[in-house]
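J.: the following block contains a protein sequence and its predicted model.
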Protein chains: 2
Amino acid sequence: MTQLEEARRGRITPLVKKLAKDEGVSARVLSKRLKDGTAVIPLNASRAGIRKPCAIGKGLRTKVNANIGTSTDAAGIKKEVEKLRVALACGADTVMDLSVGGSLQKVRAAIIASSPVPVGTVPVYEIAVRAESLKGDFLKFDEKLAFDVLEDQAREGVDFFTIHAGVTKKSTLALHKHKRLMGIVSRGGAMMAAWMRRTGKENPFYAHFDKVAEICARYDVALSLGDGLRPGSILDATDAAQLSELIILGELAKKARAKGVQVMIEGPGHVPLDQIEQNILLQKKYCNGAPFYVLGPLVTDVAAGYDHISGAIGGALAASFGADFLCYVTPAEHLRHPSASDVKEGVIASRIAAHAADIVKKIPSALAWDRKLSLARAKRDWKKQICLSIDPVKARLYRQSSTPKLSDVCTMCGKYCSLKLSGKV
Amino acid sequence: MTQLEEARRGRITPLVKKLAKDEGVSARVLSKRLKDGTAVIPLNASRAGIRKPCAIGKGLRTKVNANIGTSTDAAGIKKEVEKLRVALACGADTVMDLSVGGSLQKVRAAIIASSPVPVGTVPVYEIAVRAESLKGDFLKFDEKLAFDVLEDQAREGVDFFTIHAGVTKKSTLALHKHKRLMGIVSRGGAMMAAWMRRTGKENPFYAHFDKVAEICARYDVALSLGDGLRPGSILDATDAAQLSELIILGELAKKARAKGVQVMIEGPGHVPLDQIEQNILLQKKYCNGAPFYVLGPLVTDVAAGYDHISGAIGGALAASFGADFLCYVTPAEHLRHPSASDVKEGVIASRIAAHAADIVKKIPSALAWDRKLSLARAKRDWKKQICLSIDPVKARLYRQSSTPKLSDVCTMCGKYCSLKLSGKV
C-alpha cells in the first residue's frame, strides 16, 4: 500500500508521526494533508529506513532541493557524490540526480546509497541516453524503452520522478499560436517535444499516464509533474503555453492520486516579481492545492553568474505566497555544469529564501530562530551568534579574518558599536 | 539657487535635460518631480561638473548606493579608494563615505576627488570622532561642533547628508514604552540617543533643523533623513519607535523643502517579506512621496555571511513596491568591516534587486535589457550573452572554466541542450 493509501484508510504511520513532530504539527493534520493531496512524503517503499525523509506541502517548512548529476562533459561519479555531501552539509532537504553523462545507473546507485534524504530523477534523461547508446540517436526511443527505464529506476529506489507528461500535442500547439522568445528551455520538455515532432506521436507519458501511475504506485514513487513548457525568459512568463500545460498537469494530478500516487507540480522558471503571486494562485487552483515545486523563479534574465541570487528573490516571494518546495539555482546556471562550490552557494541562497518565506508562513521554528539569533546579537555574544547563522563556517571565517581591537564588537563600528551604545541608552 | 529652487521657477537646467534623457523621461516630467519632491538630484553645487550624477525618485531607474569608509580597526585611505573603484566598476550609482577611523577629512577628500558619482556622508560620525580627539570622549560634543562639521563637509563637496534628526525625545519614548528586541542598531541613531540621554537635551538636528536646512541650501546638499530607530531584527519591524520617527521625518522633509533643500527618507532595516509593502506605503504617505532610500531590507536575521542575498530579496520587493534607492548590504554585514570583494558582492546583489524591480516599474531600459540577453541566449550567442550579463567578468570566467566539447552549448546539458533541441521543434 502506498503512503497515500495508508492515509486514506486513516492509518497514521510511525513516519507520519515522526515528521509531524519535526514540523510542529499534529500527526492527524499531516495525515489529513497527505490524504487530500496538499502534502506529500516522497519516499520509495524500499527506502523506508533512510535517515532524513521529509514531508512537503501545506503548513510545513519550505523545503529545498539541490540538483546534482553528471553531464556529457563531466561524468565523474566521485564529484557528484562530493556535491551530494556538500548539499547535505548545507541543509538540502532533497537532491535530484540529473545525470546525462557516464553510466547513469552507477551514478544513481552511488547517490541513492549515500543519500539520507529523498532522491529524485528525470527518467527521460536515461531514456535518451539509452537510446543514444542502443541506436546512436537519443531521440530513437519507443514507449517500451521509456517504461522500462521508469520501472528500473523505481526498483532501484528513486523517491520521486519528474515526468514531463504535460508536453502534449495540445499544449505545444500554444507554442506555435503564441510566439515566445525562448522556446522550450526544459531539457526534458525539449526532448519530449522533439520526440513527438519526429514520431508524430502523442507524449507516451501522457498517452499512457495510467501506466506511469501504476509503476509509481507499485514502488510508492512520488510524481513531480514537470513543467516542460516553463518560460525561459521573463518576457515569456505566464504565457499560453505555460498555462495550457498547467491545466493538463492539474488533470493528471487527479488521475495519479486516484491510483494512490502522491503528486507535486513543478513550476517556473523565469517570472517577473509582479507575476509570482498569480503563478502560485493559478497552480493551487488548477492542481487542487498540490504541493508546488518551483525552479527559482528567476526574476530577471540578466543575472548569469548570480542566478542563485535572482532565484532567491523569486523563491522567497513564491514560497511566501504558498510555494512549498524550492529547487535551488546555482551561480553556474546558464553558464556551466555546477561545481561543489556552486552547489553550496545555491543551497544556502535557497535556504535563505525558504526561511524568509517560512517567517511569513508563521512556521513556529522559523521565527524562533531569528529571535534566538537576534538575542545573541543584541548581547554581542559572538559565539552563539555565529553558531546560529545559516552557515556558521562562513560566518566564523569572516569574523576570524578581521579581529577587532575590542573583543566584544566587530571591525565595522569598533568602539562606536550601536548595540554597545544602545545598551547605555 | 538650489536645484529645487530652479525647478520651482520652472527652469529646466542642462543637467535635468541630460538626466531625463538618460532615464527615458521628458525633462519637463523630471523637473516637475524635482519640484514636487518626488525626485532628487543629490549634487553639491561645487561638484556640478562630475561625470556621473544621477536623479533618484518616482518613475526613474532604481539606484544603488555602496557604503565605503574606514573603521577604527582599518583606517587605510588607499583601501577605501580601491573599494570606491570596485563599487563604480560594478555599477554603483552613489557611494557613502562612512569613515570613523584615521583622518576623516583626508579619506573624504580622496573619495570626493576620485568619485564621478554622488558622495554621501553621515556627519555625526565626524562629530563623534572630533569630540573624541578634542575631549577624549566621543559623546562630548556640543551644538557648535555639530554644525561646524556640517558646514565643513558641505564646503568640501559632499552631495548628500544622512542626518538622524528623527531620533527625538518623543520618538525615543516609544522605545521605552514598547519594548523591542534589538534597541537602536543605527550607529548614528545610537550616538544621538546616547548624547541626548547624557546631556538631557533635545537632538540638535531636530531642535535646530532650520540651521541644518540652511547649510544644505547654501551648498545644495541633499538631505537623507536617517532612520535612527530602524528595526535591527525582523521581530522589531514596523514598531511604534520606527513609525514615530517616520512621522517626524515626514514633517522635517516638508520644512527642508520649504528652505529649498531636496530630501530623501531612509528606511529599514530588518523587515519580514510580508511587511515590506506596508513600509513603502507608509513612507510614501507620511513623507509626501519623497524618494525612499532603504537599507536592504533584510528579510531574516539569520543570514550573516549572506546578508547581501537577504538584502537583495528585501530590496527587490521594496523597490517593486516603490522604494527608489537601495543601499547595498554586503556579505560582511554583522561580521566585519567589508573588503573590496564584499563591496563587489554587495553592489551586484543590489543591482540585481534594483533591476528586478525596474522590470515591475516598467522602466523601458530594464525590460529591453532582458529581451536582448534572452535573444542572445536563444541563439546560443555566448559572446553577446556574456557581454550583456550583469557581471561579464564573472560570467566569462565561469564559461572559460568549463569548456564544452561542442562550442555552441554549455557543459550543463552538452548535446542535450534544450535550446538546441527547441530550435528543431
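T.: In hand now; what should we look at?
J.: could I get the full set of strands for the stretch 301-425 of chain A?
T.: For the stretch 301-425 of chain A, the strands defined by DSSP state E, counting those that start in this stretch occupy A:325-327.
J.: smallest gap between it and chain B, at which residue?
T.: Nearest residue of the stretch 301-425 of chain A to chain B, counting by C-beta to the nearest C-beta: residue A:414, 3.1 Å away. In short, each C-beta sits where N, CA and C put it, glycine included.
J.: quick check, that residue in contact with residue B:101.
T.: Yes: judged on C-beta atoms under 8 Å, residue A:414 makes contact with residue B:101 at a distance of 7.2 Å.
J.: what touches both of those two?
T.: B:71-73 (C-beta atoms under 8 Å, 6 or more residues apart in numbering or on different chains).
J.: quick one on the thing from earlier: now do the residue of the stretch 301-425 of chain A closest to chain B against residue B:138, distance only.
T.: Distance of residue A:414 to residue B:138, given as C-beta to C-beta, to the nearest Å: 11 Å.
J.: over to residue A:290?
T.: With C-beta to C-beta as the criterion, residue A:290 and residue B:138 are 59 Å apart.
J.: the two: which is more packed in?
T.: residue A:290 (30 against 23; other C-beta atoms under 10 Å in any protein chain shown).
J.: residues in the stretch 201-350 of chain A within reach of chain B, list them.
T.: A:232-235, A:272-274, A:299-306, A:308-310, A:312-313, A:316-317, A:320, A:331-338, A:348-349 (C-beta under 8 Å from any C-beta of the partner chain).
J.: chain center to stretch A:64-78: distance?
T.: Here the centre of stretch A:64-78 is set off from its chain's centre by 15 Å, with C-alpha atoms, centre = their mean, to the nearest Å.
J.: what about it, average pLDDT?
T.: Regarding stretch A:64-78, the rounded mean pLDDT is 96.
J.: so is that stretch next to chain B?
T.: Yes: contact of stretch A:64-78 with chain B (C-beta under 8 Å from any C-beta) involves A:71-74.
J.: give me the buried stretch members for that stretch, please.
T.: A:64-75, A:77 (16 or more other C-beta atoms under 10 Å in any protein chain shown).
J.: so where is the stretch 151-300 of chain A shaky, pLDDT-wise?
T.: Along the stretch 151-300 of chain A, segments meeting pLDDT under 70 are nowhere present.
J.: which residues of it fall in helices?
T.: Secondary structure of the stretch 151-300 of chain A (DSSP state H, counting those that start in this stretch): helices at A:169-177, A:187-199, A:204-207, A:209-219, A:240-258, A:276-286.
J.: residue A:49 is nearest to which of the ones you listed?
T.: Residue A:49 sits nearest to helix A:209-219 of all those, at 15.0 Å, using C-beta to C-beta.
J.: contacting residues around that closest one?
T.: A:2, A:44-46, A:147, A:150-151, A:154-155, A:161, A:163, A:165, A:205, A:221-223, A:252, A:255-256, A:259-261.
J.: which among the residues you listed count as buried?
T.: Buried among these by 16+ other C-beta under 10 Å: A:2, A:44, A:46, A:147, A:150-151, A:154, A:161, A:163, A:165, A:205, A:221-223, A:252, A:256, A:259-261.
J.: could you list which of those belong to strands?
T.: A:161, A:163, A:222-223 (DSSP state E).
J.: which of these sits closest to chain B?
T.: Closest to chain B, out of all of those and judged by C-beta to the nearest C-beta, is residue A:163, at 16.5 Å.
J.: beta partners for the closest one?
T.: Applying DSSP bridges to residue A:163 gives these bridge partners: residue A:225.
J.: quick one: contacts for residue A:40?
T.: Shown in contact with residue A:40 (C-beta under 8 Å, 6+ apart): A:34, A:55-57, A:222, A:262-264, A:291.
J.: now with 6 Å, please.
T.: Residue A:40 makes contact with A:56-57, A:222, A:262, A:264, A:291, according to C-beta atoms under 6 Å, 6 or more residues apart in numbering or on different chains.
J.: ok, so of those, who is nearest residue B:357?
T.: residue A:291 (28.7 Å).
J.: coming back round to it: narrow the buried residues of stretch A:64-78 to those in helices?
T.: residue A:77 (DSSP state H).
J.: from the buried residues of stretch A:64-78, which single one is nearest chain B?
T.: Using C-beta to the nearest C-beta, the buried residues of stretch A:64-78 come closest to chain B at residue A:72, 3.1 Å.
J.: now that closest one: closest residue in space, sequence neighbours ignored.
T.: If the residues on either side of it in the chain are set aside, residue A:72 comes closest to residue B:414, at 3.1 Å by C-beta to C-beta, 6 or more residues apart in numbering or on different chains.
J.: residue A:246 too?
T.: residue A:286 (5.4 Å).
J.: my guess is that neighbour meets residue A:249, correct?
T.: No: using C-beta atoms under 6 Å, residue A:286 is not in contact with residue A:249, being 7.4 Å away.
J.: which one's more surrounded, those two?
T.: residue A:249 (29 against 17).
J.: my read: that one touches residue A:265, true?
T.: Yes: using C-beta under 6 Å, residue A:249 is in contact with residue A:265, at 5.3 Å.
J.: please enumerate the shared neighbours of the two.
T.: With C-beta under 6 Å, 6+ apart, residue A:249 and residue A:265 have common neighbours residue A:225.
J.: need the CA coordinates for the longest helix along chain A. PDB is fine.
T.: In chain A, assigned by DSSP H, the helix with the most residues is helix A:340-360. Only the C-alpha atoms of helix A:340-360 are listed here, as PDB (Å, rounded to 0.1, in the frame of the first residue of the first chain):
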ATOM      1  CA  ALA A 340      30.700  21.700  -5.500                       C
ATOM      2  CA  SER A 341      31.200  25.300  -4.500                       C
ATOM      3  CA  ASP A 342      28.300  26.300  -6.800                       C
ATOM      4  CA  VAL A 343      26.200  23.700  -5.100                       C
ATOM      5  CA  LYS A 344      27.000  25.300  -1.700                       C
ATOM      6  CA  GLU A 345      26.100  28.800  -2.900                       C
ATOM      7  CA  GLY A 346      22.900  27.500  -4.400                       C
ATOM      8  CA  VAL A 347      21.700  25.600  -1.400                       C
ATOM      9  CA  ILE A 348      22.400  28.400   1.000                       C
ATOM     10  CA  ALA A 349      20.700  31.000  -1.200                       C
ATOM     11  CA  SER A 350      17.600  28.800  -1.500                       C
ATOM     12  CA  ARG A 351      17.600  28.100   2.300                       C
ATOM     13  CA  ILE A 352      17.600  31.900   3.000                       C
ATOM     14  CA  ALA A 353      14.700  32.300   0.600                       C
ATOM     15  CA  ALA A 354      12.800  29.400   2.100                       C
ATOM     16  CA  HIS A 355      13.400  30.600   5.600                       C
ATOM     17  CA  ALA A 356      12.300  34.200   4.800                       C
ATOM     18  CA  ALA A 357       9.100  32.700   3.500                       C
ATOM     19  CA  ASP A 358       8.600  30.400   6.500                       C
ATOM     20  CA  ILE A 359       8.600  33.500   8.700                       C
ATOM     21  CA  VAL A 360       5.700  34.800   6.600                       C
END
